[in-house]
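> Test case, fold it:
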Amino acid sequence: MGAQPDRVDATAPPQAFAPSRADIGCLLVLALAYLAVFLPSYLDLSRTVWVSDEQGHGPIILAVSCWLLYQQRGALWSAPVRPSYGLGLPLLLLGCASFAFGRSQGILMLEILAQIFLLAAMVLLLLGTRALKAVWFPLFFMLFMVPLPEVLVTALTTPLKSAVSAVASNILYVTGYPVGRAGVILTVGPYQLLVADACAGLNSMFTLEALGMLYMKLMNYTSVGRNITLAVLLIPISFVANVVRVMILVLVTYHFGDEAGQGFIHGFAGMVLFIVALLLMFVVDKLLNLIWPRERVAK
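Down below sits the predicted model:
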């Protein structure tokens, strides 16, 4: 006798990887409303902070967040529909207040932060806490596209630049280069270099932290202690990468002149920053394997 085919339980509900037609109509209305509210904000960002070296990572963060949300669509549609009005309504009011105040007063931080509150509120009001748990990371990742307050950036960037300048100049001086330092101005031979915010500021550290968070998400490690440790170690990793970037610019300027240091190599040093940070992150990740078992969530 031939093998009998496996029986399929006709009563078992299929796993939903796409919403029903009624849900699609609701989603289209919500998407259009979302674009109507936040598209002017995105246009303002594209004309201001997104064109700067310090916060040019914003569009990438937005694109990655949308991709992560799309990846979680199966878990989102299959989540039980249990609306949480107790959590969703206060979050909705908070998001509306944040957007209204930020838009009217020209505070981009509150204006962009509101989208996270409103997206979380919609998930809670339409589906519930289980659905929010499925998409919490993409919403959390959107925090890295929120423009930082200028007061905070200035307060933290100044000591960071001084520290990066001091370490870079000391290393080069010990290795025999005629490097001097006055604050954040480095003198090497006949040239002077100003360590700018983009070279050693808070925003580059913020971008690298986002990159590390995405790496941990993609690796799907189950150990909370491991993830927290790597997230904390990303701060000194970012600092070291910034030091390497400044040293490269100083060496290029010393050997090839000021035009070389401020030309293509200046932009290329930004790529080196991320390459060094990624390599250090991989090394630290391997070292953490000695402390925590390399367990991952099954996909």
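> CA only for contacts and neighbour counts going forward, please
Fine.
> and Trp77, how far is that from Thr48?
36 Å (Cα to Cα, to the nearest Å).
> So for those two, which sits in the more crowded spot?
Between Trp77 and Thr48, counting by other Cα atoms under 10 Å, Trp77 is the more crowded of the two (19 against 12).
> That one sits in which helix or strand?
Using DSSP states H and E, Trp77 falls within helix 73-78.
> need the strands for the stretch 151-299 of the chain, in chain order.
Assigned by DSSP state E, counting those that start in this stretch, the stretch 151-299 of the chain shows strands spanning 179-182, 185-188, 191-194.
> just so I know, which of these lies nearest Ser84?
Comparison of the strands of the stretch 151-299 of the chain against Ser84 by Cα to Cα identifies strand 191-194 as nearest, at 52.9 Å.
> Show me where the stretch 1-150 of the chain dips below the pLDDT cut-off.
1-23, 53-54 (pLDDT under 70).
> can you give me the helices in it?
21-47, 58-71, 73-78, 85-105, 108-126, 129-134, 136-141, 150-174 (DSSP state H, counting those that start in this stretch).
> send the alpha carbons of the third one over as PDB?
Extracted C-alpha coordinates of helix 73-78, given in PDB (Å, rounded to 0.1, in the frame of the first residue of the first chain):
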ATOM      1  CA  ARG A  73       4.200  41.400   9.000                       C
ATOM      2  CA  GLY A  74       3.500  37.700   9.600                       C
ATOM      3  CA  ALA A  75       3.700  38.000  13.400                       C
ATOM      4  CA  LEU A  76       1.700  41.200  13.200                       C
ATOM      5  CA  TRP A  77      -1.200  39.800  11.200                       C
ATOM      6  CA  SER A  78      -1.300  36.500  13.100                       C
END
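> Just checking the distance from that helix to the centre of its chain.
Mean-position distance between helix 73-78 and its chain equals 24 Å (Cα atoms, centre = their mean, to the nearest Å).
> so Thr157 makes contact with Ser204?
No - using Cα atoms under 8 Å, Thr157 is not in contact with Ser204, being 10.1 Å away.
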